[in-house]
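Novice: How does the following fold in three dimensions:
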Amino acid sequence: MLILKRILLPITILLFYSTLPAQEILSVKDQARVIDDLLSDRLTHLLPKLMEQEKIDMWVIIAREYNEDPVLKTMLPATWLSARRRTMLVFYRNAATGVYEKLAIARYNVGDVIKASWDMTKFPDQWEAMVDIITKRNPQKIALDYSADFAHADGISSTEQKELMKRLPAEYQKKVVSAEKLAVAWLETRTEREQELYPQLIQITHTIIDEGFSGKVIMPGITTTDDVVWWFRQKIRNLGLDTWFHPSVAIQRNDAENFEHLRAFANRPKEEVIQPGDLLHVDIGITYLRLNTDIQQQAYVLLPGEKSAPASLNQAFDNANHLQDILTSHFSENKTGNQILKESLAKAANEHIDASIYTHPIGYHGHAAGPTIGLWDQQNGVPGSGDFPMHLNTAYSIELNAGTNIPEWKKTVKIMLEEDGFFTEKGFRFISGRQKKLLLIPRVSEVIGN
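Specialist: Numbering: from 1, shown residues only. Here you go, the predicted model:
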């Protein structure tokens, strides 16, 4: 019988795929148009403001094909899937004259906004052309992408930096500084147009979870966690979307097994058959229009005769929702991630909540640049990225868990939640709502009346 069930399951899953409702996902061509429009707006209007804010008058970005600087990849047009040969970009802002230039030391324009500025008849060597552009503008600072605390801002390779420094005149070598703050600001700042689009990404992610954690996909006693993981992965692909990490599905249930953080991720069993009475957890994220989501939700598989989850599990979920509120209530401009973490954990302890907080910025990257607010194994603060201040018009994945004792199970259950939100001058808000109750997965027999 078990063999028969395992044979039937792939057929069942295929039927689910064929009957899934279509999502309103833009065609690849239309996605490219939107990406390029967003990029043009950022390079033309946002970047000069950030350069003024960080007091950087020249930003030099250099990378070679397939070894791209993380920042450079966010500046390439949609039709460029990587750098070309050696790609050199220079952004120059003269505070005195108001001149703002976007230059490529290349044979051709980089998209419609960054103009080719290499006269090969005069400078056959690309490095000589770069040095000429720098010296003619005589900047006060030459910012390069190197950083000890943010991989996102550490994109210039040792080779590229050595080659540039070897050719720069001595007086200009002294002007070289880290572009860390400027690079992070570029990556973390969400424009008005991006803030308008982001809710659609969250809604799509919520819809995928709602379907995956339902009777359409899960048949208790047959479907395994690995089946559901691959359903999520395939669903995302079928919709024409990408994911920036492999999804995970984990189980907590009424047994003697203690549930630790690693069990939901690295140490989870590859395949567990989902049973009635299980508490399910999913972690997925999509990539769309160069932006990312990162969402974790929980579902309960009803036992025969049940109409809702046990009251103790509902209370556990409420505790996790409350921890989200505690954390986001401490968001404040220029407060560091470590300060926010410390204050939030202290408040949770005062309210007798068993809390763990590991929240991070989100945007161009899933684990994005900006203030880190705890790591799951560093609840006393994170040196470096945790000391970075919070800024307006940024986005965060509110990732955390709250432990609650479940008397019927004689153990502590951890409700692990993650929802994405904006921090603006109006304060914090979830981008497109958050899960407020456990998702329920009913048995098929419960939809039939007696």
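
Novice: To what extent is residue 441 buried, counted in neighbours?
Specialist: The number of residues packed near residue 441 is 22, by other C-beta atoms under 10 Å. The way it works is simple: take the backbone N, C-alpha and C, and place the C-beta from them, glycine included.

Novice: Quick check: closest non-adjacent residue to it.
Specialist: Distances taken as C-beta to C-beta, 6 or more residues apart in numbering place residue 301 nearest to residue 441, at 4.6 Å, with adjacent residues excluded.

Novice: give me phi/psi at the one you found?
Specialist: Dihedral pair for residue 301: phi -90, psi 110, per degrees, to the nearest 10.

Novice: which ones are touching it?
Specialist: For residue 301, the contacting residues are 218, 220, 274, 275, 276, 277, 278, 279, 280, 441, by C-beta atoms under 8 Å, 6 or more residues apart in numbering.

Novice: ok, now residue 319?
Specialist: The contact partners of residue 319, taken as C-beta under 8 Å, 6+ apart, are 353, 402, 404, 415.

Novice: correct me, but the first one touches residue 322?
Specialist: Yes: here residue 353 lies in contact with residue 322, judged by C-beta atoms under 8 Å, at a distance of 7.0 Å.

Novice: Now list whatever residues contact both of these two.
Specialist: What both residue 353 and residue 322 touch, as defined by C-beta under 8 Å, 6+ apart, is the set residue 402.

Novice: quick one: the strands in the stretch 151-300 of the chain?
Specialist: Along the stretch 151-300 of the chain, the stretches classed as strands by DSSP state E, counting those that start in this stretch are 176-178, 248-252, 279-284, 287-288, 291-292, 295-301.

Novice: looking at the ones you listed, which is closest to residue 395?
Specialist: strand 291-292 (8.6 Å; C-beta to C-beta).

Novice: roughly how far out does the closest one sit from the chain middle?
Specialist: The chain centre lies 6 Å from the centre of strand 291-292; the measure is C-alpha atoms, centre = their mean, to the nearest Å.

Novice: Other residues contacting that strand?
Specialist: 194, 197-198, 201, 244, 285-286, 362-366, 368.

Novice: From these, list the buried ones, please.
Specialist: Burial by neighbour count, 16 or more other C-beta atoms under 10 Å: within the contacts of strand 291-292 this picks out 194, 198, 201, 285, 286, 362, 363, 364, 365, 366, 368.

Novice: So which of these sit within helices?
Specialist: Using DSSP state H, the subset of those located in helices is 194, 198, 201.

Novice: got a pLDDT number for the last one?
Specialist: Note for residue 201: predicted pLDDT of 97.

Novice: hmm, back to that, tell me the most packed of the contacts of residue 301, by neighbour count.
Specialist: residue 279 (25 neighbours).

Novice: Which stretches in the stretch 101-250 of the chain count as helices?
Specialist: All helices of the stretch 101-250 of the chain, identified by DSSP state H, counting those that start in this stretch, fall at 126-137, 158-167, 170-173, 180-188, 192-212, 225-238.

Novice: Quick one, which of these gets closest to residue 410.
Specialist: With C-beta to C-beta as the yardstick, what comes closest out of the helices of the stretch 101-250 of the chain is helix 225-238 (23.2 Å).

Novice: and the angle for that closest one with strand 248-252?
Specialist: 150 degrees (axes from the mean of the first three to the mean of the last three C-alpha atoms, to 10 degrees).

Novice: elements contacting helix 225-238?
Specialist: Helices and strands touching helix 225-238, as assessed by 3 or more C-beta pairs under 8 Å, 6 or more residues apart in numbering; DSSP states H and E, comprise helix 2-18, helix 192-212, strand 248-252, strand 279-284.

Novice: Lowest average confidence across the ones you listed, which one?
Specialist: For the helices and strands packed on helix 225-238, mean pLDDT drops lowest on helix 2-18, to a mean of 38.

Novice: Can you pull out the low-pLDDT segments for the stretch 301-450 of the chain?
Specialist: For the stretch 301-450 of the chain, the stretches with pLDDT under 70 are 443-450.
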